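[1] Quick one, what's the 3D model for this:
(2 chains)
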Amino acid sequence: MTETQVSTQRRGGRVLPVTDLSLVVLIGASGSGKSTFARRVFKPTEIISSDFCRGLVSDDENDQSATRDAFDVLHYIAGKRLAAGRRTVVDATSVQPDARRQLIELAKQYDVLPIAIVLDVPEEVCAERNAARTDRADMPRRVIQRHTRELRRSLRHLEREGFRKVHVLRGVEDIENASVVTEKRYNDLTHLTGPFDIIGDIHGCAAELERLLGKLGYADGVHPQGRQAVFVGDLVDRGPDSPGVLRRVMAMVRSGNALCVPGNHENKYGRHLRGRKVQHTHGLAETIEQMESESEEFRAEVREFIDGLVSHYVLDGGRLVVCHAGLPEKYHGRTSGRVRSHALYGDTTGETDEFGLPVRYPWAEDYRGRAAVVYGHTPVPEATWLNNTICLDTGAVFGGKLTALRWPERELVDVPAEQVWYEPTKPLRSEAPGGHDGRPLDLADVHGRRVVETRYDGHNRVSIREENAAAALEVMSRFAVDPRLLPYLPPTMAPTATSHVEGYLEHPAEAFAQYAQDGVARVVCEEKHMGSRAVALVCRDAETARKRFGVDGPTGSLYTRTGRPFFDDEGVTEEILGRIRTAVEEAGLWAELDTDWLLLDAELMPWSLKASGLLRSQYAAVGAASGAVFPGALSALEGAAARGVDVGDLLARQRERASDAAAFTQAYRRYCWTTDGLDGVRLAPFQILAVQGRSLAGLPHDEQLSLLDRLVEHDNTGLLRTTRRLYVDTADPESVAAGVDWWLEMTGRGGEGMVVKPLGAVVRSGSTRSGDAGSGGGEGRLVQPGIKCRGREYLRIIYGPEYTRPDNLTRLRGRFLNHKRSLAIREYVLGLEALARLAEGEPLWRVHEAVFGVLALESEPVDPRL
Amino acid sequence: MFLTISTTGTPERPATDLGYLLHKHPDNAQAFSTSYGKAHVLYPEADAERCTAALLLEVDAVALVRRGKGKGRGGAPDAALAQYVNDRPYAASSLLAVALSAVFSSAMRGVCAAKPELPSQTRPLRIEVPALPARGGADLVRGLFEPLGWAVRAEPVPLDTEFEEWGDSRYVSLVLESRTLTVAEALRHLYVLLPVLDDAKHYWVSSDEVDKLLRAGEGWLAEHPQQKLITSRYLSRRWSLTRQAMERLELVRLAEADDSEVEEIDNAVEPEAETEERPTPLAVLRREAIVTALTQSGAARVLDLGCGQGQLVQALLKDPRFTEIVGVDVSMRALTIASRRLKLDRMGERQSSRVRLYQSSLAYTDARLQGYDAAVLSEVIEHLDLPRLPALEYAVFGAARPRTVLVTTPNVEYNVRWESLPAGHVRHGDHRFEWTREEFRGWAAAVAERHHYTVEFVPVGLDDPEVGPPTQMAVFTLSGANEKEAKAA
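    Here you go, the predicted model:
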């Protein structure tokens, strides 16, 4: 692309094309009129002059001793401008090669074109002008002589030095008449808005290409609605008909029906066509052979076509970048050899893997750019979005499929390969665990202090502390179910604000008031089941589990709040999953939800099933100790009282304590019943979290519950239990009173309490609309997804048998909820993020990152009784 | 919490002398403030024939928990460890012992100004502690009290009469009787032995405990057959428990999130590991076999994957051939103990530059583990659920890819030779599986094949002709590694 611009002579003077993003270096002796010229043709803010910088650092624009510092400043400012994508004009003499070398380095560093504009003015003119300026009047003549000499000597070498355009203006008149026209970069097609159909690596699979184009609606390379195809490169090599592919693509590009960026395979073939020696490996031999039977003319056309390809395109107002091998944001729209090679080959680490293939740096994992990057190059089994990037190389030539992305619809369209045209060096699906849709889990995804980024405004960055990640790592590694079957962990839930109703620590009136204050008009009260939180991943069959979750054998999982399996015996888990599966089947939910797996949030009962250790060592132990101590203590007091000893109110107090202790024992006993195998085990699902392709976290709870009611109805094994519920309008006092009564009645009969949730599920404050899981509607921050109101008797298990005594209640009311609330929201957002990533088919490590975050947050220090 | 002390008497030596001995008048109910609540002394019966003093401590459970919140205030180290639901208000624990010494301090010292002759006299004594937490059960209770001259009746208290299958609680209902002891002696026995028997979960540490023990134990502790247990439980456990608690707060919270006990997930460190090292011969043999195999492989830079408390790292450090030794474990607590055991902070620079310890997990690939000569997985794989073994396999053989990998695991066939091991039981509570020789070899061969290693098997310990060795070891060598080395040489 190096070119010397022999500018055309026009009426009124020469017109110099200058690229919109470039580093323009003016070259001319002192007094040659650079500043005047620059002011006339560039924006004042584009120009940085060395004189100005001298002034900045020394208060004297002509202080030559400040030159070094002045240029430091100049380079610094220029660097900042170029990094921000702004054209920059350097107004300094730049007659010395070394001065220019530094500027060319700077242009390379920011991947912009260096452009030279030479002002070649006779020495006498410069001297005259300087003499006329008071500040330069005493500049020795020899300085100007030296400048002129150096300039002349440089002229021939400017291109070799690295300037991509060199404009030479000779004489005062030429300079005064010259003007500048801003040119766009070749890769800047932001004015094209599509719609586009971006097509992945074809590798000579002409038949598949034709079928894909047909499926996309093209007839003979033309789309009736004027859509434009964009090819991500690697048209040739390996496959059966590279000439056919080239013919089709070239024709479409020529007629304006397509754009094409080069792949590394075209690049290499292009070099071959130009007579360079290249190795005929990686399928090039096939292309060369197929092209043998083509005409010399066609080969010349191909050569010209390949030579003219631009490394990448920025499209659709900057929202879309297409290139072959992926491109980090800092290279978008930039122009340098480095950008081109990155676009063609990607970011390789220099190492090779066990198959001898180059190890690629996973740039997309770090990508945070605004533009969607669509690329190919690395064969993947499925095209999936990752950080707003997507790889469309689905290995058509290796027997995979040929994939296209509709833009801006973001729909994937693909056709399967007719056969394995070329044996892959490396299997398309990695055999590494978790690698079926990406790469195996890496410690860097979870370890140390981390920030998990989410799509939820106001909660975009969730921090994980190092010590919490460390604890989670141990539990996740040693006790959790296979991470592939652990796509979600439930968040903790904050209790209602502390009640001041006499005798109560928690009371639903506070929960309703809190939601009313958040602008949530309608809430659902859901019965709190007396069991353990359980998440169930239920696949339709083992084959679904294999295809979607990459596991061999199990049909799902059933795990606790920290990801541990509920049952040691896999057979028992499978039995439960089987029963749920049958109910889903009978209820017709597979078809209705258009899925072959679903993820359920539920409560598993009895509590004693999982918490028996805790029950025995803590709860029953307290019951046993109190049961053993009170008869003796009471009879001692009674004996003393009978003797006439004044025991004051001690006896009465001990009787109360004894009855509190008995109430405590009653309270925990409600959570215990004996089970035999699955006899006596109950599962109460209260939310379908996700199904194939969709997170249902934002589905309003009434719709959720009616789906689940049908599930429960169709279970005839007695396993599934319904969740009782009541809807309340937070602004309607009667409705609120009904909610309170419902709770009083339920907890009066020994129930654990209830959870109050905004009906719209994912809801932001100040908004009563239900939101979709993507944004949560509203404009404020997310409100608590649920608030628990625990029953008065149940709380004995939490706050101790005697917590209801007035003096105890008074002290216990001084509890602090803010940390718990913040924790609940952070965990909730991470959970939502995990579900969203799961729904979008993101790779396992991305889902796991969010899930792990929830577990890590659970080890934050927060009052465990909340 | 509650206990009674009774005595019988005659008109000449009336039972009500107990009032003098205890410095508490039988006709009054008296209350005393202690740090953990109000202590009451009262007499349900008091005449010349029979006299019973009752000590009742009203523990303020809420204050007990809240006290624990401040740092350095002698409280429980974390709110997570201090439960409102705890047995302190009911069970006769260290708190009762503290109350005992506060309320009956003169009696314990054997001082009685009014009747100076009384304290030194023995009399029939009966002590009832209806809810005594007894770690070690009724047997230990007898073992502790009987040598002191008590007739002991210790009945276990059932956990919950409605759930008989839950069995007994850790409490016993205790009755002690003796005619050969003084009241002061009895009180001092209780003062020391109540906390010793207590589960010791909620200890509050103070620095003058040694003096207190020596004072209260005067005259009986030195001769006691269980002296060692009594001393170590009374003193040393407190510090280590507190330290232990501090080292696992995050895990405690994760266990709580799951309504389970922290011991369920914090079992990477053996309980006795903190005290004295008592390596079983097999563990020594295993380390020797590993060092031999590593030496034969020519490895200089070695990974100990699942290093636990660092025994192997310690052994490798002694051999200068091993220039870099990296101990890796997923348990932070194991690493803390390993670091303490190796005295890393006091080691010379040259020595310490050879060793590093850090947390990692073989459920994940870890770039830091690449480029080593050898990796040891000693008694590690059996701690993983089988479905998660492929991830470990990939992390080690696929991603880290050291030239040599040593894997040891129990040979389940040998278990019949362990006399103490009940049939069908695994050797360690956390073993998720134990393999026969055939199973291990099948797995190892498949791993080697998939990742281009060769594998050989080495018996560790006596190779029983019928059931094989107690430990089996596989030595994996990266295919082509030897040739490369030969070329390099």
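
[2] So what does B:V157 look like in phi/psi?
    For B:V157, the backbone dihedrals (degrees, to the nearest 10) come out as phi -100, psi 130.

[3] scratch that, A:F664
    As for A:F664, its main-chain torsions (degrees, to the nearest 10) stand at phi -60, psi -50.

[4] okay, now the residue nearest to it when sequence neighbours are not counted: neighbour count?
    Nearest residue to A:F664, sequence neighbours excluded (CB to CB, 6 or more residues apart in numbering or on different chains): A:P801, at 3.6 Å. C-beta here means a position set from N, CA and C on the backbone, and glycine is covered the same way. Under the neighbour criterion other CB atoms under 10 Å in any protein chain shown, A:P801 is assigned a count of 26.

[5] Contacts only, for A:P801.
    When contacts are counted by CB atoms under 8 Å, 6 or more residues apart in numbering or on different chains, A:P801 touches A:V622, A:S626, A:R657, A:D660, A:A661, A:A663, A:F664, B:V85.

[6] Repeat the analysis, applying 7 Å as the threshold.
    Listed by CB atoms under 7 Å, 6 or more residues apart in numbering or on different chains, the contact set of A:P801 reads A:D660, A:A661, A:A663, A:F664.

[7] and it, which of the three is it?
    Using DSSP: H, G, I helix; E, B strand; the rest coil, the three-state assignment for A:P801 comes out as coil.

[8] thinking again about what came up before, output the contacts of A:P801 in CSV; the columns should cover pLDDT.
    Compiled in CSV, those are given as follows (pLDDT from 0 to 100):
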residue, pLDDT
A:D660, 92
A:A661, 92
A:A663, 92
A:F664, 91
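
[9] which two in the residues you listed are spaced the farthest apart?
    Comparing every pair within the contacts of A:P801 by CB to CB identifies A:A661 and A:A663 as the most remote, at 7.3 Å.

[10] and the two? which has more neighbours close in?
    More neighbours sit around A:A661 than around the other of A:A661 and A:A663, counting by other CB under 10 Å; the figures are 23 against 15.

[11] quick one on the thing from earlier: could you pull up phi and psi at the residue nearest to A:F664?
    Residue torsions, per degrees, to the nearest 10, at A:P801 are phi -60, psi -30.

[12] Let's see the pLDDT reported for it.
    Looking at A:P801, its pLDDT stands at 89.

[13] With B:S240 instead?
    At B:S240 the predicted local confidence, pLDDT, stands at 59.

[14] And A:T193, by the same measure?
    A:T193 is assigned a pLDDT of 93 by the prediction.

[15] backbone phi and psi for it, please?
    Its backbone dihedrals place A:T193 at phi -110, psi 10, with angles given as degrees, to the nearest 10.

[16] Touching, it and A:R319? I think so.
    No. Using CB atoms under 7 Å, A:T193 is not in contact with A:R319, being 8.9 Å away.

[17] Briefly note if the helix or strand containing B:L251 comes near chain A.
    With the criterion set as DSSP states H and E, the secondary-structure element containing B:L251 is helix B:249-257. Yes. Between helix B:249-257 and chain A, judged by CB under 7 Å from any CB of the partner chain, the touching residues are B:L249, B:E250, B:L251, B:R253, B:L254, B:E256, B:A257.

[18] and the second one, what does it touch?
    Translated: B:E250. Listed by CB under 7 Å, 6+ apart, the contact partners of B:E250 are A:E467, A:N468, A:A471, A:S859.

[19] roughly how far apart are the spatially closest residue to it that is not a sequence neighbour and B:A444?
    Closest residue in space to B:E250, ignoring its immediate chain neighbours: A:A471 at 3.2 Å, by CB to CB, 6+ apart. Using CB to CB, to the nearest Å, we find A:A471 at a distance of 32 Å from B:A444.

[20] How about B:L3?
    61 Å.

[21] what do you get for B:G468?
    In this structure, B:G468 lies at 15 Å from B:A444, with CB to CB as the measure.

[22] how about A:Y422, what does it touch?
    For A:Y422, the residues meeting the contact criterion (CB under 7 Å, 6+ apart) are A:R238, A:G239, A:G283, A:V397, A:F398.

[23] Of those residues - the most surrounded one?
    Using other CB under 10 Å as the neighbour definition, the contacts of A:Y422 reach their maximum at A:G239, which records 29 neighbours.

[24] For that one, which non-adjacent residue is closest in space?
    Across the structure, with CB to CB, 6+ apart as the measure, the residue nearest A:G239 apart from its sequence neighbours is A:G204 (2.6 Å).

[25] Let me know the pLDDT of that neighbour.
    95.

[26] And for B:V269, the neighbour number?
    Residues within reach of B:V269, counting by other CB under 10 Å, total 21.

[27] one step back: isn't there a helix covering the residue nearest to B:E250?
    Yes. The secondary structure assignment for A:A471 places it in a helix, going by three-state DSSP.
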